[in-house]
Every structure is written in C-alpha cells, then in structure tokens.
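Asker: got a sequence here, can you build the structure:
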Amino acid sequence: MSDITFADLVEIYRATRFDGEDGGVLTVESEHMAANLRAIMDDNDLYAETQITVDGDDEPAVGSKLRVHVGPPNAASMGLLVSSFDDLFRAPGAVMAEPEHYYVKHPGFASGDHPVPGVLLRYRAVLDVLRILRETASVNDETMRQMIFIGKDKVVVPIRFGARDLQGDVVAKAQRLVRLFVEELHIDEKRTILQTTLIEMVGTMRADIRLGYLIRNLERLVDEVDKGYRLFTSSFSYSKIRNDVENARLDFAGKIHKTIVDIQGQLLGIPVATIVVVSQLKKVTGCDVTFWANLGVLLGAWIFVTMLVIAGTNQWKTLEVISNEVERQKTRLSDDFAAVADQFTDVFDDLAERIRWHRGALIGICAILALGALGTTIAFLKLAPIGSAVCLAFWR
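Answerer: Numbering: from 1, shown residues only. Next up is the predicted model:
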C-alpha cells in the first residue's frame, strides 16, 4: 500500500472546490498529487483509508480537472475531515482535546495553519475550562463524555458544545478561571466552590444544554467562584495570618543566613591564606627554587580567590531567588488579605533589609579578595628580579 499521509490528503482537499457534502471538482496541481490519486484508484485498502473516489475513467494528470467524491478518512490512522468548525467541535474526542490532524472544508483550514481563526482560539480556551471542570467533577465519565457533580443535588453535565456557544471574549474569561486554579493553595476549597456554583447555575436546566449555557455565561461562573473564594479566604482569623507570616519570615530568614553559612568555611580561610602568602613570599635573585615557590604561592592565591568568587556568585543567585519569592508572597498577601496587608509591611521590609545586608557582605568579601589577590601579585612582582619573565620561557 502506498505511503500516503494526512498531509497528502490536505493537499487534495485544498485543491478541491467542494460543491456538496460528498465532493466537488479537483484541480490536479502537481505530479505528486496525481501519483497519490492513481495509487488510491488502484489500491482498495488505500481507498478504505482515504475515502477518495475519482469519477469516470480519466487518468489523473497535472492540470486536469476531475470530479471526485470525498468522504471522511480513517480518523484513527489519518485524521478528521469536517465541513465546519461546528462539526469539528462535535467530533468524538474533540471535546476532550484538540485533534492532532484535521481539515475544515469551510473555510479551508488545516491543523497547524496560521493565522488561527478566532473561533479556534475560543475552542482551545474552552478546553482549558473543561480540564478544570473534569478535575472538579465528582465523577468524570470519558466513555459517556459527561461529568457528574454531586453536592446538595446530583447534576450531570454532558460534554457537548457547538460553535454558537463560543461567542464573545471567551479567551479572557477562561484565562481568569485558569488563573484562579493555577495556584495550588486551597485547591480543594476552590473546587468545592466551583462545584457548588455550577450546580446552582445549571441544576434546573435540561442536561443537553448545560455545558453550552456555562460557556456562554462563563463570566458569571468565574465571578461567582472568585467571590466565593475571596469570602473563604477572608474567613481566616488575623492571628492565623500573623502566624503564617511569622513562619514564612523565619523560613526566609533561615534561608538568607544560610547563604553566608554555606561559604563560612571558605571565609575562614581568608586570614589563613593571608598569613601563608605573607610568610611564604621571599626575595628572589634568579630563576631558582625561590622564584618557583613564589609563583606557586601566587597561583594558589588566585585559585583560592576564583573558587571563593564562584561560591559567592552562587550565593548571590540564591539571594535573588529568595528576594523574588519574598516579593511574590508580599504581593499575594496584598491580593488575598488587602484589609490587613499593611500591618505586615514591617516583616517584609525586615527581610528585604537582611537580603541587602547579605548582598553587601558578599560584595565586601569579593572586594577584600580582589585587594588581597592584587596585593599578592604586586608583592610577587616586587620580589622578583628584573627580567625574571624569562624564567617562564619553558622552551629555552
């Protein structure tokens, strides 16, 4: 059987002027297309996969116009051929995830084409909403393509919607819901609020229109969930918030101090290295053992400085990560507990001051190391005889 892919079928679909549900007039645009058509005509198995029939006995040739019947190909091995986006959204599996390969006759769009039509962007946004709803449902029945929510009532929501439901600014509304659930904090409570809201909104409706109604009224759904979650978070007592903030302060303070503790051993080596350098450098009279001993001390000093600078740079990056996390926690506190957030400003200011102090300490350490290494280099050069650079000429 000839190796024909869905991309080859898309080439044929694009060259066909569909004038009915089952076919149209195909203009053969390339020898590759003609060869594929001949292969389909000669191979029953390939016809079964592609469902393309050429009317009459005309041999496909470049430039010829042929009447063709085009049916849906094998969806599993090839892809989907649908008349409209509405048909695509109603295809089996498409309510769970966007099909990998498909072609929409009107307006002639294939998966992977750009630019992406607005209705497809809205469809993808709805898939994000459905993912959250499936995770929230008490039972998610993929076989029957339905979600079951059990609260004060049991509500079945068939996973079924059409292009007419994808109106308005669905993308922005879906993003609001996604943002609410992207944070794992209180995720179970958020799902409970979403389930309760959904049951109240569609519990009295016919099952087959419930999901479409939710999509068309997505803003109301998101508003109700957002208000419910804010009410939930506001129920926390001040003492609990204070306790959480204090625990976070202690945790951050420990991480900040650890940046110096982790390189404390190397820092203690600075005075030792200084004493070694001062005691080991000697006056040099020629390319003798003393010259090479001084050079070894100089190289050792620079290696020590390099290793400690690398360690200090790593700790600087760690402080940067901690600083970003402190700022994120401060912003989240302001968003979730705006009424009391100002009372915890001193805690975050103290952490920011600690971070600045440790950064200053790292800068000071690097400055001391640089001065020490520079001083060692100057001392080495002062103690070396004039013209001692020839000692390094190993090729002599």
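Asker: so which elements touch the helix or strand containing Lys330?
Answerer: Assigned by DSSP states H and E, Lys330 belongs to helix 289-336. Under the contact criterion of 3 or more CB pairs under 8 Å, 6 or more residues apart in numbering; DSSP states H and E, helix 289-336 touches helix 238-261, helix 264-280, helix 345-383. The way it works is simple: take the backbone N, C-alpha and C, and place the C-beta from them, glycine included.
Asker: worst mean pLDDT among those?
Answerer: Among the helices and strands packed on helix 289-336, helix 264-280 carries the lowest mean pLDDT, a mean of 58.
Asker: distance between the helix holding Lys330 and the chain's centre?
Answerer: 29 Å (CA atoms, centre = their mean, to the nearest Å).
Asker: same thing with stretch 152-159?
Answerer: The chain centroid and the centroid of stretch 152-159 are separated by 32 Å under CA atoms, centre = their mean.
Asker: buried stuff in it?
Answerer: Val155, Val157, Pro158, Ile159 (16 or more other CB atoms under 10 Å).
Asker: ok, those residues vs Met201, which is closest?
Answerer: Among those, Val155 lies closest to Met201 (CB to CB), at 9.5 Å.
Asker: my read is the closest one is in a helix, agree?
Answerer: No - read with DSSP: H, G, I helix; E, B strand; the rest coil, Val155 is strand and lies in no helix.
Asker: quick check: bridge partners of it?
Answerer: Beta-bridge pairing for Val155 (DSSP bridges): Phe149.
Asker: from the centroid of the chain, which residue is nearest?
Answerer: The centre of the chain sits closest to Val182, judged by CA atoms, centre = their mean, with a distance of 11.3 Å.
Asker: gap between it and Arg131?
Answerer: Plainly put, Val182 is 12 Å away from Arg131 if you go by CB to CB, to the nearest Å.
Asker: the nearest residue to Val202 once chain neighbours are set aside sits in which helix or strand?
Answerer: Leaving aside its sequence neighbours, Val202 sits nearest to Arg210 (CB to CB, 6 or more residues apart in numbering; 4.1 Å). Per DSSP H and E: Arg210 is located in helix 210-216.
Asker: now do the buried residues in the next helix-or-strand element following that helix.
Answerer: Downstream of helix 210-216, the first helix or strand assigned by DSSP H and E is helix 218-234. Neighbour-count burial for helix 218-234, counted by 16+ other CB under 10 Å, picks out Leu218, Leu221, Val222, Glu224, Val225, Asp226, Gly228, Tyr229.
Asker: ok, the first one touching Lys173?
Answerer: Think Leu218. Yes - with contact defined as CB atoms under 8 Å, Leu218 counts as touching Lys173 (4.3 Å).
Asker: buried ones in the helix or strand hosting Leu9?
Answerer: In the assignment (DSSP H and E), Leu9 maps to helix 6-14. By 16+ other CB under 10 Å, the buried positions in helix 6-14 come out as Phe6, Asp8, Leu9, Val10, Glu11, Ile12, Tyr13.
Asker: next helix or strand past it?
Answerer: strand 16-20.
Asker: for that following strand, output the C-alpha coordinates as PDB.
Answerer: Taking C-alpha atoms only, strand 16-20 is exported to PDB below (Å, rounded to 0.1, in the frame of the first residue of the first chain):
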ATOM      1  CA  THR A  16     -10.900  20.700  -4.400                       C
ATOM      2  CA  ARG A  17     -13.800  23.100  -4.900                       C
ATOM      3  CA  PHE A  18     -16.400  21.500  -2.800                       C
ATOM      4  CA  ASP A  19     -19.900  21.900  -4.100                       C
ATOM      5  CA  GLY A  20     -21.600  19.400  -1.900                       C
END
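Asker: which strands and helices lie in contact with that strand?
Answerer: strand 23-27, strand 65-70.
Asker: wait, what's in contact with the spatially closest residue to Glu142 that is not a sequence neighbour?
Answerer: Nearest residue to Glu142, sequence neighbours excluded (CB to CB, 6+ apart): Met96, at 6.8 Å. Neighbouring residues of Met96 by CB atoms under 8 Å, 6 or more residues apart in numbering: Leu127, Leu130, Glu142, Arg145, Ile159.
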